[in-house]
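Asks: okay, sequence plus prediction incoming.
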Amino acid sequence: MEGKTCIVTGGNSGIGFETALSLAHQGANVIILSRNQEKAEAAVKSIKAKSQNKSIDFILVDLSSQKSIRDASKYILKAHDKIDVLVNNAGAWFSNLVLTEDGIERQFAINHLAYFYLTHLLLGAFIKADDARIICVGSDSHFHGKINFDDLALGKKYHGIKAYAQSKLCNVMFVYELDRQLKSRGINNISINCVQPGLVKTDIGIKHAISFHSFAWRIRRMGGVSPARGAETSIYLASSNEIRGVSGRYWDKCKIKPSSKKSYIEEDAKKIWGISKELCQVEDYFSTVL
Ligand SMILES: NC(=O)c1ccc[n+]([C@@H]2O[C@H](COP(=O)([O-])OP(=O)(O)OC[C@H]3O[C@@H](n4cnc5c(N)ncnc54)[C@H](OP(=O)(O)O)[C@@H]3O)[C@@H](O)[C@H]2O)c1
């Protein structure tokens, strides 16, 4: 991975931290995107010390804010005209319905729209790489997901589990749709894949949860694997030569597996693509590669 520029969102903790650490061990220039300066500084310090790689940096971004994503992208593109790897990893779980400053339900905004928007803004830098790889961290929770087209915020009957599953179904559909669109434009140096990390012992179910949900997550995660194990497939997809050019697939334990039936419905993927474009005010998703 030497000489490659890799971006990992949510690289300050959990699966993202381990992904960034492994890429650093492999010699990549790693940039972690984090919303918290203290956590970001601590993560960079720790990755540098463990990997002996000095080329580790962070950029502050609140992925629930479209303005913040735009600002971070501008900052990244000023310093890097070519990006080799983007791991869309940051994610969150909210017990209660909370809207972002853009008026969007938070899980939908952070878990799906941020992947969609950041990828769009950076596309012009992936096109310059020989073998650009976009990895979206999804979840098998998407198997229970349903896209509530009439009420994406689930305002009528919000539940964190439903909103999470919906956002994770959007991850898989986004990956399949972008893959189709890249292929239809003859763009074959950019691959995009979705990863399911399994049940992983992280704090995701605690940070924005009411005490009952937080308690339930503490019990549930006991059966999970370590963040380092949970990161293995993301790392494999970001760095393995074996899978060069493989795109538009759903991965678990470094193997391709089928995703849910709903995730293959192209009509729905196109619909959610259109809604995401509107919500992010993106007219032409590929304008940045022209
Ligand atoms: N843990 C599991 O069992 C599991 C299973 C399936 C899928 N996943 C997926 O794995 C990914 C990583 O989650 P994790 O389990 O490693 O949890 P985690 O340790 O909480 O990591 C999530 C990362 O996302 C960041 N983040 C959240 N909201 C953000 C925002 N608005 N702006 C910027 N960064 C933000 C977090 O920052 P802070 O540290 O500041 O909160 C953190 O760095 C997520 O996409 C999750 O859905 C996890």
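Replies: That came through, no problem.

Asks: doesn't residue 86 make contact with residue 137?
Replies: No: using CB atoms under 8 Å, residue 137 makes no contact with residue 86, being 11.2 Å away. For glycine as for every other residue, the C-beta is placed from the backbone atoms N, C-alpha and C.

Asks: now do the same contact list for residue 200.
Replies: Listed by CB atoms under 8 Å, 6 or more residues apart in numbering, the contact partners of residue 200 are 14-15, 221, 224-227, 229-230.

Asks: nearest to residue 194 among the residues you listed?
Replies: The closest of those to residue 194 turns out to be residue 15 (CB to CB; 13.8 Å).

Asks: hmm, that closest one is touching residue 232, no?
Replies: No: the criterion here is CB under 8 Å, and residue 15 misses it with residue 232 at 9.6 Å.

Asks: contacting residues around the host helix or strand of residue 279?
Replies: Element membership of residue 279 [criterion: DSSP states H and E] is helix 266-280. Outside helix 266-280, the residues within contact range by CB under 8 Å, 6+ apart are 66, 102, 104, 112-113, 116-117, 120, 147, 149, 152, 170, 173-174, 176-177, 180, 262-263, 282-283, 285.

Asks: which among those end up buried?
Replies: 66, 104, 112-113, 116-117, 120, 147, 152, 170, 173-174, 176-177, 180, 262-263, 282, 285 (16 or more other CB atoms under 10 Å).

Asks: restricted to helices, list those.
Replies: 66, 116-117, 120, 170, 173-174, 176-177, 180 (DSSP state H).

Asks: identify, from those residues, the entry nearest to residue 44.
Replies: residue 117 (24.3 Å).

Asks: please name the nearest non-neighbouring residue to the closest one.
Replies: residue 280 (4.6 Å; CB to CB, 6 or more residues apart in numbering).

Asks: how about residue 252?
Replies: Distance criterion CB to CB, 6+ apart; nearest residue to residue 252, sequence neighbours excluded, is residue 196 at 4.6 Å.

Asks: residues touching the residue most central in space within the chain, list them.
Replies: Centroid check for the chain by CA atoms, centre = their mean gives residue 88 as the closest residue, at 2.2 Å. Residues near residue 88 by CB under 8 Å, 6+ apart: 9, 114-115, 118-119, 134-137, 171.

Asks: restrict those residues to those near the ligand?
Replies: Filtering the contacts of residue 88 for proximity to the ligand by CB under 6 Å from any ligand atom leaves residue 137.

Asks: of all the contacts of residue 88, which two lie farthest apart?
Replies: Among the contacts of residue 88, 114 and 135 lie farthest apart (CB to CB), at 14.2 Å.

Asks: state the distance from the residue of the stretch 51-200 of the chain found nearest the ligand to residue 141.
Replies: Nearest to the ligand in the stretch 51-200 of the chain, going by CB to the nearest ligand atom, is residue 91, at a distance of 2.4 Å. From residue 91 across to residue 141, the span is 10 Å (CB to CB, to the nearest Å).

Asks: am I right that the residue of the stretch 51-200 of the chain closest to the ligand is in contact with residue 113?
Replies: No: in this structure, residue 91 is not within contact of residue 113 by CB under 8 Å, at 12.0 Å.

Asks: report the beta-bridge partner residues of residue 8.
Replies: Beta bridges link residue 8 to residue 32, residue 87, judged by DSSP bridges.

Asks: what about the strands in this structure?
Replies: Ranges of strands within the chain are 5-9, 29-34, 56-60, 85-88, 132-137, 190-196, 250-252, 255-256, based on DSSP state E.
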